[in-house]
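Asks: Would you be able to build a 3D model of this:
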Amino acid sequence: MIIRRATLSDVPSIMLVIADVVPAMRESGNYQWDHTYPNAAAFEEDIRVNQLWVAEFDGEVAGVAAITTEQYPEYASVGLDVSETAIVVHRLAVSTRFRGKGIAAALMQEAEAEAFRRGIKTLRIDTNTANQATQKLFPKMGYEFAGEIGLGFRPGLRFYCYEKRLDKE
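Replies: Numbering: from 1, shown residues only. Next up is the predicted model:
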């Protein structure tokens, strides 16, 4: 497996991953994503600002993650200090064809490596309350549950927030 920064030429492959993942998410009752989001424009913007990584497995894009410092203001409602710079993972997806191969964990480890490179001591992530896989993964990766929030731009959905402090290790 190779983890690397995404390029614009990866966008069609990334969109194939999303086209594979969204129906599986919806089948399991997770309505966090749909046919409108995430979209190619979101990934192209991530690439433009140098914050998108892909995981290649056997030469194929198998997963994707935006590794950003973009925090939602709603994080504050569970006691997270959004004025503190944090690495935040968004748009984490692994093709159903490559599940169980450690790809999501590898992308999360890349987020931690990015935090170290940038001298940032806090990592955060949120996930839909219906996403059982991430709710198992994040604690295994050292993230602590911070609480449940709603997001203004995703009405009717609830999300769990997680945080990992690198200065406590």
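Asks: which residue sits closest to A86 in space, ignoring its chain neighbours?
Replies: Of all residues not flanking A86 in the chain, T122 sits nearest, at 4.0 Å (CB to CB, 6 or more residues apart in numbering). In short, each C-beta sits where N, CA and C put it, glycine included.
Asks: Return the helix or strand in the protein with minimum mean pLDDT.
Replies: Least confident element among the helices and strands of the chain, by mean pLDDT, DSSP states H and E: helix 132-140 (a mean of 93).
Asks: show me the contacts for T134.
Replies: Contacts here follow CB atoms under 8 Å, 6 or more residues apart in numbering; on that basis T134 touches L92, A104, I125, T127.
Asks: Contacts only, for the residue nearest to A86.
Replies: Counting by CB under 8 Å, 6+ apart, T122 touches E84, T85, A86, I87, A115, E163, K164, R165, L166.
Asks: May I ask which of those residues comes out lowest in pLDDT?
Replies: Within the contacts of T122, the minimum per-residue pLDDT falls on L166 (93).
Asks: Only C-alpha atoms, please: export the helix or strand hosting A105 in CSV.
Replies: Taking DSSP states H and E as the criterion, A105 maps to helix 103-118. Provided in CSV are the C-alpha atoms of helix 103-118 (Å, rounded to 0.1, in the frame of the first residue of the first chain):
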residue,chain,number,x,y,z
ILE,A,103,-6.4,1.4,4.5
ALA,A,104,-8.5,3.6,6.7
ALA,A,105,-6.0,3.1,9.6
ALA,A,106,-3.1,4.0,7.2
LEU,A,107,-4.9,7.2,6.1
MET,A,108,-5.5,8.1,9.8
GLN,A,109,-1.8,7.4,10.5
GLU,A,110,-0.9,9.8,7.7
ALA,A,111,-3.0,12.4,9.5
GLU,A,112,-1.0,11.9,12.6
ALA,A,113,2.2,12.1,10.6
GLU,A,114,1.0,15.4,9.1
ALA,A,115,0.3,16.7,12.6
PHE,A,116,3.9,15.8,13.7
ARG,A,117,5.3,17.5,10.6
ARG,A,118,3.4,20.6,11.3
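Asks: So what touches that helix?
Replies: Under the contact criterion CB under 8 Å, 6+ apart, helix 103-118 has outside partners 1, 3, 53, 55, 57, 62-65, 67, 87, 89, 92, 94, 120-123, 125, 133-134, 137-138, 140-141, 164, 166.
Asks: Direction included, what does the helix or strand following it pair up with?
Replies: For helix 103-118, the succeeding helix or strand toward the C-terminus, using DSSP H and E, is strand 122-128. Strand 122-128 sits in its sheet next to strand 87-94 (parallel), strand 158-165 (antiparallel), going by DSSP bridges.
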